[in-house]
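Peer 1: Model the following, please.
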Amino acid sequence: MSERWDRDTQDAEAAQGPVTPIPHATEGESECEHALTHLYEFLDSEMTPDDERRMRAHVAHCSPCLAELSVEELVKQLVRRSCHEQAPAGLRERIHAQLTVMSTPTIVTTTTTVVSSTVVTEIR
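Peer 2: Residues are numbered from 1 along each chain as shown. Reported below is the predicted structural model:
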């Protein structure tokens, strides 16, 4: 697996020049702590292309982070391969309906009616 990361990083550096490792500001964390914090963003392809290149650059030069990345990637592959069952159609439809309701913006309209009352007291 290490060869793949090295090759990808070399390809990225060749295409765009050297890459500064690690995405985002680290704010008190070590580079490795920061990389591991954002590991799942990387594995789930939720990073910007620049952040992904920085993560690749860090992992290519950091054996402990590469090992952690490799383990997590392997676990994801095993889970993906092992989970072939599908939820029943009714359950999937209910979940989809709930997600649709949750993601639909709700517009609330309120009407205020002011009622004025006059009390007339008859004095004799």
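Peer 1: only C-alpha atoms for contact and neighbour calcs from this point on.
Peer 2: Noted.
Peer 1: which stretches of this structure have low pLDDT?
Peer 2: 1-29, 104-124 (pLDDT under 70).
Peer 1: And the next helix or strand past the helix ranked longest in it?
Peer 2: What stands out as the longest helix in the chain, according to DSSP state H, is helix 63-82. Following helix 63-82 in sequence order, the next helix or strand is helix 89-103 (DSSP states H and E).
Peer 1: which helices and strands sit right next to that next one?
Peer 2: For helix 89-103, there is no helix or strand it packs on, judged by 3 or more CA pairs under 8 Å, 6 or more residues apart in numbering; DSSP states H and E.
Peer 1: Identify all contacting residues around that helix.
Peer 2: For helix 89-103, there are no external contacting residues (CA atoms under 8 Å, 6 or more residues apart in numbering).
Peer 1: Now the longest helix of the chain: buried residues?
Peer 2: 65-66, 69, 73 (16 or more other CA atoms under 10 Å).
Peer 1: which secondary structure elements does it contact?
Peer 2: Here helix 63-82 touches helix 31-37, helix 49-61, going by 3+ CA pairs under 8 Å, 6+ apart.
Peer 1: List just the one of these that sits closest to residue 79.
Peer 2: Distance to residue 79, taken as CA to CA, is lowest for helix 31-37 among these, at 20.3 Å.
Peer 1: still on that earlier bit, can you lay out the helices and strands packed on helix 63-82 as CSV showing distance to residue 94 and mean neighbour count?
Peer 2: CSV is the format used below for the helices and strands packed on helix 63-82 (distance: least, CA to CA, whole Å; neighbours: other CA atoms under 10 Å):
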stretch, distance to residue 94, mean neighbour count
helix 31-37, 34, 17
helix 49-61, 35, 20
